[in-house]
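Engineer: I need the structure of the sequence given here:
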Amino acid sequence: MNRDQAISFCDALSQAEATFPFDAHTLVYKVAGKMFAMFPLEKEPQVALKFPPSTLEALRESHPAIFKGAYMNPVHWGGVFLNGSASTSEVSLWIKTSYNLVVAKLPVAQRAQYPPLP
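Structural biologist: Sure thing, here's the model as predicted:
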């Protein structure tokens with residue numbers, strides 16, 4: 001999956017909102033006002049995503065597309081190169097996982113408005 005495909009995938013997610021909260025070169029996708037994907041548009045194609053902390057380190061060791069992203073908490077966030085080293089199905093699964101992790105941390109009353117992605 002390349003960067004344009006990943007951005008289009010995020011655009012199509014239910015209740016995802018595209019924003020530029022930091023600068024004009026960093027596209028951030030949010031659900032319920034919480035960030036789940038960040039695309040630095042002036043760097044090589046990549047995205048920062050949330051991952052379950054229990055599996056993130058193993059993913060970094062086993063998958064060449066996943067790395068420790070700069071400026072993000074390395075326990076919860078990983079960078080993903082969008083240069084073909086990960087399949088479309090892997091990247092879309094990781095984006096949905098990131099979205100679902102954010103939704104799972106919302107208050108119970110608010111969580112009902114954001115059904116988890118399959």
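Engineer: List the buried residues for the longest helix anywhere in the chain?
Structural biologist: Determined from DSSP state H, the single longest helix within the chain is helix 88-104. Residues 90-92, 94-103 are the ones in helix 88-104 that count as buried (16 or more other Cβ atoms under 10 Å). C-beta here means a position set from N, CA and C on the backbone, and glycine is covered the same way.
Engineer: List of residues touching stretch 39-49?
Structural biologist: Defining contact as Cβ atoms under 8 Å, 6 or more residues apart in numbering, one finds that stretch 39-49 is touched by 2-3, 6-7, 25-29, 36-38, 69, 72, 77-83, 91, 94-95, 97-98.
Engineer: Tell me the buried residues in stretch 34-49?
Structural biologist: In stretch 34-49, counting by 16+ other Cβ under 10 Å, buried: Met35, Phe36, Ala37, Met38, Phe39, Pro40, Pro45, Gln46, Val47, Ala48, Leu49.
Engineer: Out of these, name the ones that lie in strands.
Structural biologist: Met35, Phe36, Ala37, Met38, Phe39, Pro40, Gln46, Val47, Ala48, Leu49 (DSSP state E).
Engineer: Please point out which parts of the lowest-mean-pLDDT helix or strand in the chain sit buried.
Structural biologist: Within the chain, confidence by mean pLDDT, DSSP states H and E is lowest for helix 108-111 among all helices and strands, at a mean of 92. Neighbour-count burial for helix 108-111 flags no residue at all (criterion: 16+ other Cβ under 10 Å).
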